[in-house]
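K.L.:
just coords:
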């Protein structure tokens, strides 16, 4: 099978002058090479395409693939993660991971929270603000937590994101609005334990692989799993496998949210306990990082004795169950004409 591989390479954007935080969601050359080598080990012919512009160029030239392994995140706008899948849908080329609707909904945290809340999944009360003037109508009790509505990899999340005093709310919000140029999610801060749940599969076939607890050490920002904590995780964070009734509750919350949002093939759901110990949905990552060593889902897989090749095999198997792969010659597509 001819497998195309779409991705955004971090070094390409750093060379253009983007900051490390701006491209935090993109993958390294080592990760891209590891994915390509693993896909090749299954007997597939792997074609490294790259990001949206390179994909478009090759589609216009008439090229096609039996399946695309897509981890392209995009850079601008609320639909950035959906850009590559949207083009592939238009050309009737199947691909891994979620469809454009789910990717847009998952990226926009308030929309995802509204949908899972309607499905009966606990999630902290929240408000969305677009200007500092709108803070006057935020009546949620302290403490609060503030972050951009559509960022991943904890971008925009720092020690200042936890708000213990009303006087700090405006200052933090002004800074984040100026830096990220997008609305902010202001939600009730949950003081309990924090977990991430690895998911593979689609719909009724989806399963929760396991639950990993994230514990912050003495050197860490104590408010949450911040961008700094993720970047400097070896000195700040301890991970452990969670088992027992609380893990079962976290899996149930995560699977309900995953199915409600239409997640496909593989992802992560972040959850946190409230003051009563009830597991709440925080957010979903529908394009999880796949660094073989440091990605959260791979750290979890290490506890579960699931190796890298096995995880990527699960992702491919899930995608193949969803789609009927046709020879590329039968899918010329309008763009190639």
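P.N.:
Received the coordinates, thanks. Model, not experiment: these values are computed from the prediction.
K.L.:
Now residue 177: phi and psi?
P.N.:
phi -60, psi -40 (degrees, to the nearest 10).
K.L.:
For it, give its distance to residue 270.
P.N.:
Distance of residue 177 to residue 270, given as C-beta to C-beta, to the nearest Å: 23 Å. Any C-beta I mention is one placed from the backbone N, CA and C, and that applies to glycine too.
K.L.:
same thing with residue 35?
P.N.:
From residue 35 over to residue 270 (counting by C-beta to C-beta), the distance is 23 Å.
K.L.:
more neighbours, these two?
P.N.:
More crowded of residue 35 and residue 270, by other C-beta atoms under 10 Å: residue 35, with 23 against 19.
K.L.:
My read is that the more buried one contacts residue 96, right?
P.N.:
No: Residue 35 is beyond contact range of residue 96, at 10.5 Å (criterion: C-beta atoms under 8 Å).
K.L.:
joint contacts of those two?
P.N.:
Any residue near both residue 35 and residue 96 by C-beta atoms under 8 Å, 6 or more residues apart in numbering counts here, and that gives residue 69.
K.L.:
SS state for residue 196?
P.N.:
For residue 196, the assignment made with DSSP: H, G, I helix; E, B strand; the rest coil gives strand.
K.L.:
residue ranges of the helices in the stretch 1-150 of the chain, please?
P.N.:
Applying DSSP state H, counting those that start in this stretch to the stretch 1-150 of the chain gives helices spanning 10-15, 29-41, 52-60, 83-90, 100-107, 109-118.
K.L.:
what stretches of the protein score poorly on pLDDT?
P.N.:
153, 324-337 (pLDDT under 70).
K.L.:
Determine which of the helices of the stretch 1-150 of the chain approaches residue 241 most closely.
P.N.:
Evaluated with C-beta to C-beta, the helices of the stretch 1-150 of the chain place helix 29-41 nearest to residue 241, the distance being 23.2 Å.
K.L.:
Now tell me what touches that closest one from outside.
P.N.:
3, 5, 7, 9-11, 27, 46, 48, 69, 71, 289-292, 295, 308-309, 312, 316.
K.L.:
Name the residues of it that are buried.
P.N.:
Buried residues in helix 29-41, counted by 16 or more other C-beta atoms under 10 Å: 31-32, 34-36, 38-39.
K.L.:
Could you give the number of residues near the residue nearest to residue 156 when sequence neighbours are not counted?
P.N.:
Leaving aside its sequence neighbours, residue 156 sits nearest to residue 148 (C-beta to C-beta, 6 or more residues apart in numbering; 4.2 Å). By other C-beta under 10 Å, the residues close to residue 148 number 20.
K.L.:
again with the one 10 residues further on
P.N.:
The burial metric for residue 158, expressed as a neighbour count using other C-beta under 10 Å, is 20.
K.L.:
Just list the residues touching the residue lying closest to it once chain neighbours are set aside, thanks.
P.N.:
Nearest residue to residue 158 in three dimensions, chain neighbours excluded: residue 226, at 5.3 Å (C-beta to C-beta, 6+ apart). By C-beta under 8 Å, 6+ apart, the residues touching residue 226 are 154, 157-159, 161, 220.
K.L.:
Apply 10 Å and report the result again.
P.N.:
147, 154, 156-162, 216, 220, 232, 236 (C-beta atoms under 10 Å, 6 or more residues apart in numbering).
K.L.:
Surely the residue nearest to residue 156 is in contact with residue 181?
P.N.:
Yes: Residue 148 is in contact with residue 181 according to C-beta atoms under 10 Å; the separation is 9.0 Å.
K.L.:
So which residues of the stretch 151-300 of the chain form strands?
P.N.:
Using DSSP state E, counting those that start in this stretch, the strands of the stretch 151-300 of the chain run over 162-163, 184-188, 194-200, 207-216, 237-242, 266-273, 279-285.
K.L.:
closest to residue 142 out of these?
P.N.:
Residue 142 lies closest to strand 162-163 among the strands of the stretch 151-300 of the chain, at 6.7 Å (C-beta to C-beta).
K.L.:
Name the strands paired with the closest one and say parallel or antiparallel.
P.N.:
Strand 162-163 sits in its sheet next to strand 144-148 (antiparallel), going by DSSP bridges.
K.L.:
Count the neighbours of residue 218 for me.
P.N.:
7.
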